[in-house]
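Undergrad: Whatever this is, show me its structure:
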Amino acid sequence: MALARQIRTDYTKAALDPRTRALLDYAVKVTREPWTCTREDIERLRALGLRDEEVLDAVQVTGIFNHFDRVADALGITLNPGYYEMKVKPGVI
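TA: Modelled structure (predicted):
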């Protein structure tokens, strides 16, 4: 539970294995500056043991979340205020 909380707060300070950290770094790059993504980024992920299918999954999931966030922002959609007050059940995250 503490690790999940740390990842949500700041994954760069969490005790993650190199593979997971690299994948999260790549997801951030895809989100913030996708035009800077290069073949070298993918080669780095491959060198850490990620298969092309896993990289593709990460890019697609990142893209879908980014898309939905932008659509919600553009349309002024807000979450139910109670969502922010919900407690995460142990074992869920």
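
Undergrad: I'd like to know which elements whichever strand or helix holds residue 28 is packed against.
TA: Assessed by DSSP states H and E, residue 28 sits inside helix 18-32. Counting by 3 or more Cβ pairs under 8 Å, 6 or more residues apart in numbering; DSSP states H and E, the packing neighbours recorded for helix 18-32 are helix 39-47, helix 52-75. Where you see a C-beta, it was placed from the backbone N, CA and C, and this is true even at glycine.

Undergrad: what residues does it touch?
TA: The set of residues external to helix 18-32 that reach it, using Cβ atoms under 8 Å, 6 or more residues apart in numbering, is 7, 11-12, 16, 36-37, 41, 44-45, 48-50, 54-55, 58-59, 62-63, 66.

Undergrad: do that again at 6 Å, thanks
TA: The set of residues that contact helix 18-32 without belonging to it, under Cβ atoms under 6 Å, 6 or more residues apart in numbering, is 11, 37, 41, 45, 48, 49, 58, 59, 62, 66.

Undergrad: As a markdown table, those residues with pLDDT and distance to residue 27 would be great.
TA: Below are the contacts of helix 18-32 laid out as a markdown table (pLDDT from 0 to 100; distance: Cβ to Cβ, whole Å):
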| residue | pLDDT | distance to residue 27 |
| --- | --- | --- |
| 11 | 90 | 10 |
| 37 | 97 | 11 |
| 41 | 98 | 11 |
| 45 | 98 | 11 |
| 48 | 98 | 14 |
| 49 | 97 | 17 |
| 58 | 96 | 6 |
| 59 | 97 | 8 |
| 62 | 97 | 5 |
| 66 | 94 | 10 |
